[in-house]
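Student: Pasted the sequence and its predicted model underneath.
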Amino acid sequence: MELEALRSIYEGDLCFRELSPVSFQYRVGESGDPKAFLIEVSWPETYPQTAPVISMDAFFNNTISSAIKQSILDKLMVEVEANLGTAMTYTLFEYAKDNKEVFMENQPVNTVTSVSNSIAIGTPDVPASKKKDKKEQLSKTQKRKLADKTDNKGELPRGWNWVDVIKHVSIFKLSFFNVKKICKK
């Protein structure tokens, strides 16, 4: 019953993800937020009489220090002990959402930038002024066709596609007159 409740509550919520019928992930915070984290909850066979397995080992949490992760897990386990014997996955996710700021208050915000800086050390820094934007190269034939279609200002002449309109109108007139002749007979 808890599985159906979770599916209906979090239907359309991009933060919630069902990995399997007994394993769920929930992202607390927006995806661009440096203090966002991901909780994974898995139900053992004897759940809810026994505690669910709570993990923060997802790649999404790589920027969070291990001390902060352990602190969050400890606080969630206190909540698990208080709710043992009842369906608690929704309660755990909401508890984490409500206490996100308290959980992440000691997490440095610049951790994400330091990771990206360490990756960028090996790449050469090229100033933007030295980079050249490549222009589309046209062959002589393509340039000639383009010049034939346009006037000296580079614009298409007025009525350049009227021939197609005239063809359609004349075909319509011919078919209309043929139908009229058949009806008279």
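Tutor: Cool, the structure landed. Numbering: from 1, shown residues only.
Student: what about residue 41, neighbour count?
Tutor: 23 (other CB atoms under 10 Å). (Each C-beta comes from the backbone N, C-alpha and C, glycine too.)
Student: Which other helices and strands does the helix or strand where it lies contact?
Tutor: Secondary structure from DSSP states H and E places residue 41 in strand 37-42. Here strand 37-42 touches strand 23-28, strand 53-55, helix 66-82, helix 89-98, going by 3 or more CB pairs under 8 Å, 6 or more residues apart in numbering; DSSP states H and E.
Student: okay, the ones you listed, which one's buried deepest?
Tutor: Ranked by mean neighbour count under mean count of other CB atoms under 10 Å, the helices and strands packed on strand 37-42 are led by strand 23-28, which reaches a mean of 20.
Student: Can you show me the CA trace of that one as CSV?
Tutor: Extracted C-alpha coordinates of strand 23-28, given in CSV (Å, rounded to 0.1, in the frame of the first residue of the first chain):
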residue,chain,number,x,y,z
SER,A,23,14.0,1.2,-3.8
PHE,A,24,13.5,4.9,-4.2
GLN,A,25,15.5,8.1,-4.6
TYR,A,26,14.5,11.6,-3.7
ARG,A,27,16.5,14.8,-4.5
VAL,A,28,16.2,17.4,-1.8
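Student: Make 530 the first number, not 1, from now on.
Tutor: Noted, 530 is the first residue going forward, which turns the last one into strand 552-557.
Student: mind listing what that strand pairs with, with the direction of each?
Tutor: Neighbouring strands of strand 552-557 in its sheet, by DSSP bridges, are strand 545-549 (antiparallel), strand 566-571 (antiparallel).
Student: Please list the outside residues in contact with that strand.
Tutor: Outside strand 552-557, the residues that touch it by CB atoms under 8 Å, 6 or more residues apart in numbering are 535, 539, 543-548, 565-572, 587, 589, 618, 622, 625-626, 629.
Student: Having no further points to raise, I will conclude here.
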